[in-house]
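# this one's sequence-less:
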């Protein structure tokens, strides 16, 4: 791909010609940054990041320790092929502008604003969100929380500002859910993290509209390492949504976030994310929630973009009666490997969990469900159910299921079921006999397959999902 | 993390001694030498290896054990004598620490010189009387490159079963081999079954012993070749005494329209690992794979299965059920692999575990790797206790709680046995299960 023109660069660009949302994929803007680290992951880069952020001493130490752990651990030996992910070619930190994040849309630089305008963010904020954050490259460029929530003590900031403005609260919870020792990519993130959201909802506060953050990679060979920390105090209730996207370049980018969520007693937290990274982003994310007594955690994880995704939202049910829920959808088309799943650890009595995974593979795409259900001894009457359905759209598509089930408790009830199927010819024939063209019929069936998950999505995401499916299905016949 | 140590007795000299002792043909000696090199080049598995992740490796240790080179005497234990007496088998053989100590029954045409008759004998005799047949198939299904344990077996097996059923021959009644031991050490046996076109046979491999004076680590490898239209019912029944650990790799290759009905039972031993793999190579091939395990008193079982669909229009259906009590552990891990182009595959996989106490642990990993779209594949796994409502129902009918539990556990496992048309084997398995449950009046010995 020598031609770097954005409209031509996207593999679906041709299909998009003449469609109303052509500009959706043309959001790539000139690279314009205030500071860019040298390529590669080194001690010097880590020190530079910390210096530029003017961080407290303990954070620098934490970063350097994490770097050591990463070097010692090495990459995982299982899962998708990561051999083409070369750290020496990656910029681990890019600061897009010289001022800090702002809460006034007008202060956001023009090219960034233009990009987000195309994603429809300012309108969404006005209409249906409690707060919005936007991360461009390594830094949050915009954060705003509606006044009514601010008055109730809700904090919604980028993590860097969170660390500066609420050092005690931040330090108390940071890296307690996912320590750098956890896995290689969590260690890398801990060393070079930048941006992400810091959300704190005080006891008893219920936010009835979602908080939302958007993550965007614009530069080539960029590594984005957001670090999100979400704390739901007892009895709080809220929904956090994250969207991720990047334009298409011909060199690979790397996104490795760490999301830590603490759901205290009787709190109810939902975390939804749909990633639509361009097809050359390695998306290797660690997401985990600790769920206390009678609290409830819900994950909605959608994986549509990226080259390789490894993401297994995990839920640790540590308090009696805690509940965890994961809805996962994956769509792998040519050249993509979606290795997604869920982990649920039942470590307390009367805990319940449910995982529903729906995946679709098309062309040479490969979607894998990788999951774990663990019931610890003493977690009496735990119940867990996992359902995985895979749909294969054509003869070269691939799907895998790797569910691990470890039961150490007699009173546990655990079930797992998976099915694999292809598009049903009879259904397509029926729809075509009613006048639908073949690709529309297929898209309809695919949407029906995803419906149990899609209906849980916020409206604008459901619309986006449907549009993406139509786009992917177009031209799949004949 | 436990690390396994090598056994100092596994050397070139040991292989040469075996070759010399049995005056083995040159090709076999070469195979053994190559297998030993493979063994030496392969590291021992660790818990970082995915297929050994949940295995209590130290229980499979082989260091410090002497290589077993024959039984103390040729007597046949009562438990085997009674099993043979009670069986409906056409012919049976007892192999004790590598030596054939008993044969009974005749198979029609057994040992016919032209190789056209049914051959049911031990591998040593087969090497003498039917060398071309053995040479053609030995190591063709399970070979030294597959794993450290497979290499060990390929290098050091001493004896085992050879069964060949020629074209169009149907052997009506079952055939069986009892593999047993009267002392501890490190031993390796092998079974080679070749069923030619449109032939049909039932074979039972049973592993059992009285209490042994020392610890025995037994390695087994079972190779099954089913040619076009061949049908085999194969049972591997492990009921070793508690001093024994067993590693068994059972692998079958199925040609067009072949059908394998396999049953793998684990009841005895201290720890046992069964790897059961089928490779469906011809359209119309069918494989039914049943498994049953009941671990008590701290036993540790591993069952690893592979349903490999290398061709289109084949079917495989797997059901493994197990019960656990007394701080026992069991791992079921299985994968359905559908190769690109293997359209119209039907593949199913079910694992169900019953946990009878809190200290036991069951791990279940049913996996799918699908690379063709026009397939029907599903898997399911459940783990749970004896259902309270069922127990309540039986108690409301006047059964005491422990009797209700016995009935329900037996019933749970019976689903597997009900699919095996071998009444004597089913009866025996049920008896061992009941003895393990402590049902009054049932002696495991039988």
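Good, I have the coordinates. Every value quoted in this text rests on a predicted model; they were computed, and no experiment measured them.
# domain parsing for chain A?
A:23-311, A:424-478 (automatic domain parsing).
# need the contact list for residue A:164.
residue A:54 (Cβ atoms under 8 Å, 6 or more residues apart in numbering or on different chains). All C-beta atoms are positioned from the backbone trio N, CA, C, and that covers glycine.
# quick check: it vs residue B:388, distance?
Residue A:164 sits 55 Å away from residue B:388, going by Cβ to Cβ, to the nearest Å.
# same deal with residue B:250?
Distance from residue B:250 to residue B:388, by Cβ to Cβ: 37 Å.
# who has more neighbours, those two?
residue B:250 (24 against 9; other Cβ atoms under 10 Å in any protein chain shown).
# wait, a helix at residue A:241?
No: under DSSP: H, G, I helix; E, B strand; the rest coil, residue A:241 falls outside any helix and is assigned strand.
# verify the stated contact: it with residue A:212.
Yes: counting by Cβ atoms under 8 Å, residue A:212 is a contact partner of residue A:241 at 4.5 Å.
# of these two, who's got more company?
Applying other Cβ under 10 Å to residue A:241 and residue A:212 shows that residue A:212 carries more neighbours, namely 25 against 22.
# would you double-check that that one falls in a strand?
Yes: per three-state DSSP, residue A:212 lies within a strand segment.
# go ahead and flag the most central residue of chain A.
residue A:273 (4.8 Å; Cα atoms, centre = their mean).
# so how far is residue A:305 from it?
12 Å.
# spatially nearest residue to residue B:53 (excluding sequence neighbours)?
residue B:47 (5.6 Å; Cβ to Cβ, 6 or more residues apart in numbering or on different chains).
# which bits of the stretch 301-450 of chain A sit near chain B?
For the stretch 301-450 of chain A, the residues in contact with chain B (Cβ under 8 Å from any Cβ of the partner chain) are A:377-378, A:390, A:392-422.
# residue of the stretch 251-400 of chain A closest to chain B, please.
Closest approach between the stretch 251-400 of chain A and chain B, counting by Cβ to the nearest Cβ: residue A:392, at 3.6 Å.
# burial measure for that residue, as a count.
Residue A:392, neighbours per other Cβ under 10 Å, totals 27.
# correct me if wrong: it contacts residue B:373.
Yes: counting by Cβ under 8 Å, residue A:392 does reach residue B:373; the two are 3.6 Å apart.
# now the helices for chain A?
A:6-9, A:13-16, A:43-52, A:57-73, A:110-119, A:121-128, A:147-151, A:159-165, A:167-173, A:184-192, A:425-433, A:438-454, A:459-473 (DSSP state H).
# please apply the same query to the stretch 51-200 of chain B.
Under the criterion DSSP state H, counting those that start in this stretch, the stretch 51-200 of chain B carries helices at the ranges B:78-86, B:123-129, B:131-137, B:148-156.
# can you list the residues that contact the last one?
Contacts with helix B:148-156, where a contact means Cβ under 8 Å, 6+ apart, come from B:10, B:14-15, B:18, B:31-33, B:35-36, B:38-39, B:42-45, B:62, B:67, B:139, B:142-145, B:188-190, B:219-221, B:247, B:249.
# go again with 6 Å.
When contacts are defined by Cβ atoms under 6 Å, 6 or more residues apart in numbering or on different chains, helix B:148-156 is touched by residues B:15, B:32, B:35-36, B:38-39, B:42, B:44, B:142, B:144, B:188, B:219, B:221, B:247, B:249.
# also the third one?
Contact with helix B:131-137 is made by B:126, B:127, B:164, B:192, B:194, B:225, as judged by Cβ under 6 Å, 6+ apart.
# got the phi/psi numbers for residue 424?
You didn't pick a chain, so chain A it is. phi -80, psi 120 (degrees, to the nearest 10).
# wrong one, chain B
Phi and psi for residue B:424, reported as degrees, to the nearest 10, are phi -70, psi -40.
# need phi/psi at the closest residue to chain A within the stretch 301-446 of chain B.
Distances from the stretch 301-446 of chain B to chain A, computed as Cβ to the nearest Cβ, single out residue B:373 as the nearest residue at 3.6 Å. Residue B:373 adopts backbone torsions of phi -100, psi -30, taken as degrees, to the nearest 10.
# for residue B:34, same thing?
According to degrees, to the nearest 10, residue B:34 has phi -60, psi -40.
# deepest of the helices of the stretch 51-200 of chain B, which one?
Across the helices of the stretch 51-200 of chain B, averaging neighbours per residue (mean count of other Cβ atoms under 10 Å in any protein chain shown) puts helix B:148-156 on top, at a mean of 24.
# quick one: mean pLDDT for that helix?
If you average the pLDDT over helix B:148-156, you get 97.
# over to stretch B:125-142?
What stretch B:125-142 shows for mean pLDDT is 95.
# now that stretch, how far from the chain's geometric center?
Chain-centre distance of stretch B:125-142: 20 Å, with Cα atoms, centre = their mean, to the nearest Å.
# ends of that stretch, how far apart?
End-to-end span of stretch B:125-142 (Cα to Cα, to the nearest Å): 21 Å.
# enumerate the residues of chain B near chain A.
Neighbours of chain A within chain B, by Cβ under 6 Å from any Cβ of the partner chain: B:355, B:357-358, B:361-365, B:367-371, B:373-374, B:377-385.
# and these, which are buried?
B:355, B:358, B:361-365, B:367-371, B:373-374, B:377-385 (16 or more other Cβ atoms under 10 Å in any protein chain shown).
# in helices, which of the residues you listed fall?
With helices defined by DSSP H, no entry of those lies inside them.
# what segments of the stretch 251-400 of chain B are strands?
All strands of the stretch 251-400 of chain B, identified by DSSP state E, counting those that start in this stretch, fall at B:259-266, B:271-280, B:286-295, B:300-309, B:315-324, B:329-338, B:346-355, B:361-370, B:376-384.
# out of those, the one nearest residue A:207 is which?
The minimum distance between residue A:207 and the strands of the stretch 251-400 of chain B falls on strand B:376-384, with 38.0 Å, by Cβ to Cβ.
# what mean pLDDT does the closest one get?
91.
# weakest of the domains of chain A by average pLDDT?
Across the domains of chain A, the lowest-scoring stretch is domain A:424-478, with a mean of 79.
# isn't residue B:80 up against residue B:177?
No: using Cβ atoms under 6 Å as the test, residue B:80 is too far from residue B:177 to be in contact (10.7 Å).
# which neighbours do those two share?
When Cβ under 6 Å, 6+ apart defines a contact, no residue borders residue B:80 and residue B:177 alike.
# and the closest residue to residue B:288 other than its chain neighbours, how far from chain A?
Ranked by Cβ to Cβ, 6+ apart and with sequence neighbours excluded, the top spatial neighbour of residue B:288 is residue B:261, at 4.5 Å. For residue B:261, the distance to chain A equals 24 Å [Cβ to the nearest Cβ, to the nearest Å].
# identify the bridge partners of residue B:261.
On the basis of DSSP bridges, residue B:261 is bridged to residue B:233, residue B:288.
# what is the burial count for it?
20.
# same check on residue A:431?
Residue A:431 has 17 nearby residues by other Cβ under 10 Å.
# likewise for the one 10 residues further on?
Counted with other Cβ under 10 Å, the burial measure for residue A:441 works out to 22 neighbours.
# contacting residues for it?
So residue A:441 contacts A:428, A:431, A:432 (Cβ under 6 Å, 6+ apart).
# how about it: what's its closest non-neighbour residue?
Nearest non-adjacent residue to residue A:441, counting by Cβ to Cβ, 6+ apart: residue A:431, 3.7 Å away.
# against residue A:362, how distant is that neighbour?
Distance from residue A:431 to residue A:362, by Cβ to Cβ: 18 Å.
# next one: the lowest-mean-pLDDT helix or strand in chain B to chain centre, how far?
Ranked by mean pLDDT, DSSP states H and E, the helix or strand of chain B with the weakest confidence is helix B:78-86, at a mean of 89. Relative to its parent chain, helix B:78-86 has a centroid offset of 20 Å by Cα atoms, centre = their mean.
# surely residue B:372 touches residue B:339?
No: Residue B:372 is beyond contact range of residue B:339, at 7.1 Å (criterion: Cβ under 6 Å).
# re earlier: overlap in contacts of residue A:392 and residue B:373?
Residues touching both residue A:392 and residue B:373 (Cβ under 6 Å, 6+ apart) are residue A:422.
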